[in-house]
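In: predicted coordinates and the sequence they were generated for:
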Protein chains: 2
Amino acid sequence: MSSPAPAPLDLSGDVVDLARALCDVPSVSGDERALADLVEAALRRCAHLEVLRDGDAVVARTGLGRAERVVVAGHLDTVPIAGNVPSRLEGRGADAVLVGRGSVDMKSGVAVQLAVAAAVAEPVRDVTWVFYDHEEVDSSLNGLGRLAREHPAWLAGDFAVLCEPTSAGVEGGCNGTLRAEVVVRGRAAHSARSWLGLNAIHAAGEVMARLSAYRPRRAEVDGLVYREGLNAVGIRGGVAGNVIPDECVTTVNFRFAPDRSVAQAEAHVREVFAGLEVRVTDAAPGARPGLDHPAAAAFLAVIGGEARAKEGWTDVARFSALGVPAVNYGPGDPLQAHTDGERCPASDVYACQRVLTAWLSGEPAA
Amino acid sequence: MSSPAPAPLDLSGDVVDLARALCDVPSVSGDERALADLVEAALRRCAHLEVLRDGDAVVARTGLGRAERVVVAGHLDTVPIAGNVPSRLEGRGADAVLVGRGSVDMKSGVAVQLAVAAAVAEPVRDVTWVFYDHEEVDSSLNGLGRLAREHPAWLAGDFAVLCEPTSAGVEGGCNGTLRAEVVVRGRAAHSARSWLGLNAIHAAGEVMARLSAYRPRRAEVDGLVYREGLNAVGIRGGVAGNVIPDECVTTVNFRFAPDRSVAQAEAHVREVFAGLEVRVTDAAPGARPGLDHPAAAAFLAVIGGEARAKEGWTDVARFSALGVPAVNYGPGDPLQAHTDGERCPASDVYACQRVLTAWLSGEPAA
C-alpha cells in the first residue's frame, strides 16, 4: 500500500487534535516506521532536546544538569485496526471524546508527552522522553526491552512515568506474573478395562482442589495494596475416547505482588503444589511503586490524588528492573484498551497535559 | 500397487497354514476386496453352502431345515500393517506361534470359520457363516452393521458366535459404552484481575471429585459378572495464558453392564453429574450373554469350561440388537490385538477348530 506522506505533527496546537493526528497514522506493531519518523522529525525541531533513535524507537532528552532526571515513556504501536481508523471526535471541547484505534492505548498519552516535551523547554528536572515500538506483541520484540539491553544509559533516571491509560490517576508499580504447568501422571489403559489404568484426569482433581482452596494475599508495598491471584488458565488431558489418560496438564498463572521476586514467586507456587510436578514456563518480575522517592512524591503532590496499585503487568517492570521506580499515568480507561470501540475523554488528555506540565515546570497543578 | 494374484485358499489343509495364508493377503480396512474375493471363491467350491455377497462381506449358509440356526461371524479387515506382513511361523506343530498382522485380530478366527465351514457339510444345527469388512474403523462403516440394516434376514439365528480373540475361552455378551461431555461454565476475565471472573477449570474440580468418589458396580447378568467403569477420557479448557477460562469440558466414558439400556446408562450418568450440564456424544448398547439358550448351553458343554464376561464392546452387541444372543470365542490373546508384535499360539487355533467342529457335528469335544 502506498499513501500520501502524512503532514508533519504540530506539537504546539491543541493536544487532542495532536492525539487525533497520531491515531490517523496507522502504526500496528511492526509497522511503526511512518509514525516514528514523524515523531522524530517533530522532536528534532525542538532546539532544547537531544534526539536519539534506535530502530523505530525515538528518545529525546534535555541536558540542563538538573539534580534529578525523570523518564516519561510511551509506545507508538497499537493492536490491529478494526475499522476504527481514521479516528473521529464526538462532542466538543472538554466534553469531547476521541474515538478510534489507539485513542486509549496509547496515542493520547503519546500526544501529551509530545506536547509537554515541546512546551516545557526548561524543566526543573531533566527529562528523557521515550517513544518505543512493539509493545503489543511478544515480549521479546518489545522496543523498551531492546533499549534496556542495547542502550541502558538512554533510560537512566531517578523516576519514570509510563503514560499507559489509567484514567488520569496514578497507578504505582505492577504485579509480577509467572506461568507454570502442573503435571499429573497416570497409567494408560483401555477404558473398557479401566481398573488396569490410573486416571490422570481424576488425579488432577487435587490440582483443582488446591486452586479452589487457595486464598490469595493482599500485600501492602510502599503504601499501595496489591491483590495477588493464582488461577488455572488452561487444562489438557486425554489420548482418545477409549483410553484412560496417562497425563493431565494444568497451566496456572500466578500474579504476584512486587514484594516477591520471581524466585520467591516460583517457590510459592511449588509450595502450593507440593508433591506434584511443576514446570515454570515463563515469568516476569513485578515493580515496586517507589512512591517514597522525592520525584514521585512531587508528582503525587501535583496531582493531589491518591495512587492506586496497578494490577496488570506493564512495562513499568522494565524500569524497575533497571532500578528506576516507575508509575503508570495516562489518559483513558484501561478497560477500553484493545476494544473495537476504544474511546478516550478529551478531559483526561487535558488533565494529563496540565499535570505533567506543572510537575516539570515546578508549578502547582492548575 | 499391483501384485500377483494370490493363490486360491485351501480350506481342507492345516488350519494354521490357512491362517497364515489369510494374513499374507493384506486387508487393511477399506482394502478387503482381494481377501473377500478369495473367501467367496473358496466357499463357492463347497456344494453344501449357499453363498451371498454384499460389498466386501461374504455370507455362506447351510439350508438343512434344522430346528436351530447358529451364526458364526468374523471380520476380514485388520488395522494398518506395521512391518508385520508377511507373517511368520515360530516353532512347530502344536507349539508353533503365528506372528504377524491379523494373526490375533482376527484371521486365525477366520481360518477356523473357513476350515469348519468346509469340513462340516451336514451340521446338526443350520449354520450361517459371516465374513465382513470395516470392523476396525468408524462404526458407521462396519460391514456387520450394514448387513444388519440391509439384509437382516442373512443374520437371523438363535445364537451367534463371534470369533474375536478370547484365548479360546467363551466371553459372553459385552458391556455397553456411552460418551458424554460434562460442561462447567465460568466467566472470563483478565487473569491480572481474576476476582472479576469465575474460573471454570477450578469449578471443574467438582467433576473430578465425583469421578474419584464414584464406585463402579459389578453386575451379574445371565450368570456372568460385568465390571462397569466411569472415567474421564479427556479434558479441555482455557482461552489464553492471561484469561480466566469461561468453560471447561470433561469427556467421560461410561462402560455399562448389559442389564442397562442406553437410556438407563444415560440417566445414570446424568444422575452422577446432577446439577451440571451433560451432553451425550455417542453411545452403543451392551449385549446380554444369553447363555441360557439351548444352543449356547450346548456350546458351553462342548467346551467344558466356564464363560467369562466380555468387558470391551464388540460386535456381539449388533447381534444382541437383532435379538440374537451372542458370545465371543476365538483364538489368540485379545491384549495382542493391534500390537506390532501380534502373535497367536497354534494351539488356540486347533482348539477352536476342534470345538466348533464338535459343536456343529453334535459330537463331544476332542
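Out: That came in fine, so what should we check first? Because the structure is a prediction, the values reported are computed rather than measured.

In: list the helices and strands the helix-or-strand element of chain A with minimal mean pLDDT packs on?
Out: Least confident element among the helices and strands of chain A, by mean pLDDT, DSSP states H and E: strand A:189-190 (a mean of 84). With contacts defined as 3 or more CB pairs under 8 Å, 6 or more residues apart in numbering or on different chains; DSSP states H and E, strand A:189-190 has these neighbours: strand A:243-244. The way it works is simple: take the backbone N, C-alpha and C, and place the C-beta from them, glycine included.

In: residues in contact with the residue most central in space within chain A?
Out: A centroid search over chain A (CA atoms, centre = their mean) returns A:Thr314, at 2.8 Å, as the residue closest to the centre. Shown in contact with A:Thr314 (CB atoms under 8 Å, 6 or more residues apart in numbering or on different chains): A:Leu162, A:Glu164, A:Cys174, A:Asn328.

In: that older thread, what's the next secondary structure element after the least confident helix or strand of chain A?
Out: The helix or strand immediately downstream of strand A:189-190 is helix A:200-203, counting by DSSP states H and E.

In: now check the next helix-or-strand element following that following helix, is it near chain B?
Out: Sequence-wise, the next helix or strand downstream of helix A:200-203 (DSSP H and E) is helix A:205-213. Yes: Helix A:205-213 reaches chain B (CB under 8 Å from any CB of the partner chain) through A:Gly205, A:Met208, A:Ala209, A:Leu211, A:Ser212.

In: which residues touch the closest residue to the second one other than its chain neighbours?
Out: Read it as A:Met208. For A:Met208, ignoring the flanking residues on the chain, the nearest one in space by CB to CB, 6 or more residues apart in numbering or on different chains is B:Gly205 at 2.9 Å. B:Gly205 sits next to A:Gly205, A:Met208, A:Ala209, A:Leu211, A:Ser212 when contact means CB under 8 Å, 6+ apart.

In: near chain B, which of the contacts of A:Thr314 show up?
Out: Among the contacts of A:Thr314, none lies close to chain B by the criterion of CB under 8 Å from any CB.

In: pLDDT weak spots in chain A?
Out: Scanning chain A for pLDDT under 70 picks out the ranges A:1-4, A:364-366.

In: report the buried members of the contacts of B:Gly205.
Out: A:Gly205, A:Met208, A:Leu211 (16 or more other CB atoms under 10 Å in any protein chain shown).

In: of these, closest to B:Arg149?
Out: Closest to B:Arg149 out of these is A:Gly205 (42.2 Å), distances taken as CB to CB.

In: and that closest one, how close does it get to A:Thr251?
Out: For A:Gly205, the distance to A:Thr251 equals 16 Å [CB to CB, to the nearest Å].

In: hmm, back to that, could you dump the contacts of B:Gly205 to CSV with distance to B:Val221?
Out: Converted to CSV, the contacts of B:Gly205 look like this (distance: CB to CB, whole Å):
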residue, distance to B:Val221
A:Gly205, 31
A:Met208, 36
A:Ala209, 36
A:Leu211, 41
A:Ser212, 40
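
In: which of these lies closest to A:Ala36?
Out: So of the contacts of B:Gly205, ranked by how close each gets to A:Ala36 (CB to CB), first place is A:Leu211, at 43.5 Å.

In: excluding chain neighbours, give the residue nearest to the closest residue to chain B within the stretch 251-366 of chain A in space.
Out: Nearest residue of the stretch 251-366 of chain A to chain B: A:Gly312, at 3.8 Å (CB to the nearest CB). In space, and not counting its chain neighbours, A:Gly312 is closest to B:Ala192: 3.8 Å by CB to CB, 6+ apart.

In: can you give me the neighbour number for that neighbour?
Out: For B:Ala192, the count of nearby residues is 20 (other CB atoms under 10 Å in any protein chain shown).

In: contact partners for it?
Out: Applying CB under 8 Å, 6+ apart, the residues contacting B:Ala192 are A:Asn175, A:Thr177, A:Gly229, A:Arg255, A:Glu311, A:Gly312, A:Trp313, B:Asn242.

In: if we use 10 Å, what do you get?
Out: Going by CB atoms under 10 Å, 6 or more residues apart in numbering or on different chains, B:Ala192 touches A:174-175, A:177, A:227, A:229, A:253, A:255, A:310-314, B:242, B:244.

In: and stretch A:190-202, which residues are buried?
Out: A:His190, A:Ser191, A:Ala192, A:Arg193, A:Ser194, A:Gly197, A:Leu198, A:Asn199, A:Ala200, A:Ile201, A:His202.

In: pick out whichever of those sits closest to A:Gly93.
Out: Out of these, the member with the shortest distance to A:Gly93 (by CB to CB) is A:Ile201, at 59.8 Å.
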